[in-house]
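Engineer: make a model of this:
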Amino acid sequence: MENHISVLFYARKSKMSRKGLVPLYIRNTIDGQRLEHSIQRYVRAAHWSAAAGRVKGNNGQARQINLYLDSLKSKVLRLEREMVLDGVAVCFDTFREKWLGVKEAHRMLIAIFQQHNDQMAALIKAGKGYCAATPERYNTSRDHTRAFLQWKYKVAAIDIKRLDHEFAADLEFWLKTEWSCSHNTTIKYISNLKKIINGCIRKGW
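Structural biologist: Okay, here's the model as predicted:
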């Protein structure tokens, strides 16, 4: 697997303590952006090899810290591998969240679809646009999408991050075969779903 993340360990000599100890830092670089922080380990400046990115020598302290550095590098590679296997884009923001253990709330397609339809109905009630028949078309698209999820995945909801081209292609096939929709009607339902997905993209979801 091609690695997208480079790992560097370094001693920050500008923060040397009165006892001559310098803190060690890890720097993960993704697409030119740096994520760096202290690893809460300290060594004497003279004992650090900047070229090797490791502590010099073979004494107990050197071995212990170097093993810890190896474990951190292995963690970076493991997280990157997990992201690739999960189909998550390896970029600065996604890696930062995974590295720091930030838990992002799941955003489910049908719930987002329903929120869109509720907002559309509220706008119509307030006289702010859309014709009266529009919400009904989107409600039908929502119901068809929900039925498709049950048919294909045996679930009532799906995280929007799982959506891909295969999902859209299978939905089109299902509408034409299981529901006998014409090509033009199918495209209308797909277009309604596309509006929901584009909204999610614009929000960075």
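
Engineer: what residue ranges in this structure score low on pLDDT?
Structural biologist: Where the chain drops to pLDDT under 70, the residues are 1-3, 103-105.

Engineer: center of it, which residue is that?
Structural biologist: Nearest to the geometric centre of the chain sits residue 94, at 4.7 Å (CA atoms, centre = their mean).

Engineer: the helix or strand hosting that one: what's the following helix or strand?
Structural biologist: Per DSSP states H and E: residue 94 is located in helix 92-100. Later in the chain than helix 92-100, the nearest helix or strand by DSSP H and E is helix 109-125.

Engineer: which parts of that following helix are buried?
Structural biologist: 109, 110, 112, 113, 116, 117, 120, 121, 124 (16 or more other CB atoms under 10 Å). All C-beta spots, glycine's among them, are computed from the backbone N, C-alpha and C.

Engineer: next: stretch 84-104.
Structural biologist: Burial within stretch 84-104, assessed by neighbour count using 16+ other CB under 10 Å, is assigned to 90, 92, 94, 95, 98, 99.

Engineer: now, among the residues you listed, which is nearest to residue 45?
Structural biologist: residue 99 (27.2 Å; CB to CB).

Engineer: how is this structure carved up into domains?
Structural biologist: Taking automatic domain parsing as the criterion, the chain consists of the domains 5-100, 109-202.

Engineer: next, the nearest residue to residue 36 once chain neighbours are set aside: phi, psi?
Structural biologist: Among residues not flanking residue 36 along the chain, residue 27 sits closest, at 4.1 Å (CB to CB, 6 or more residues apart in numbering). The phi/psi pair for residue 27 (degrees, to the nearest 10) reads phi -130, psi 120.

Engineer: ok, residue 27 touching residue 11?
Structural biologist: No: using CB atoms under 8 Å, residue 27 is not in contact with residue 11, being 11.7 Å away.
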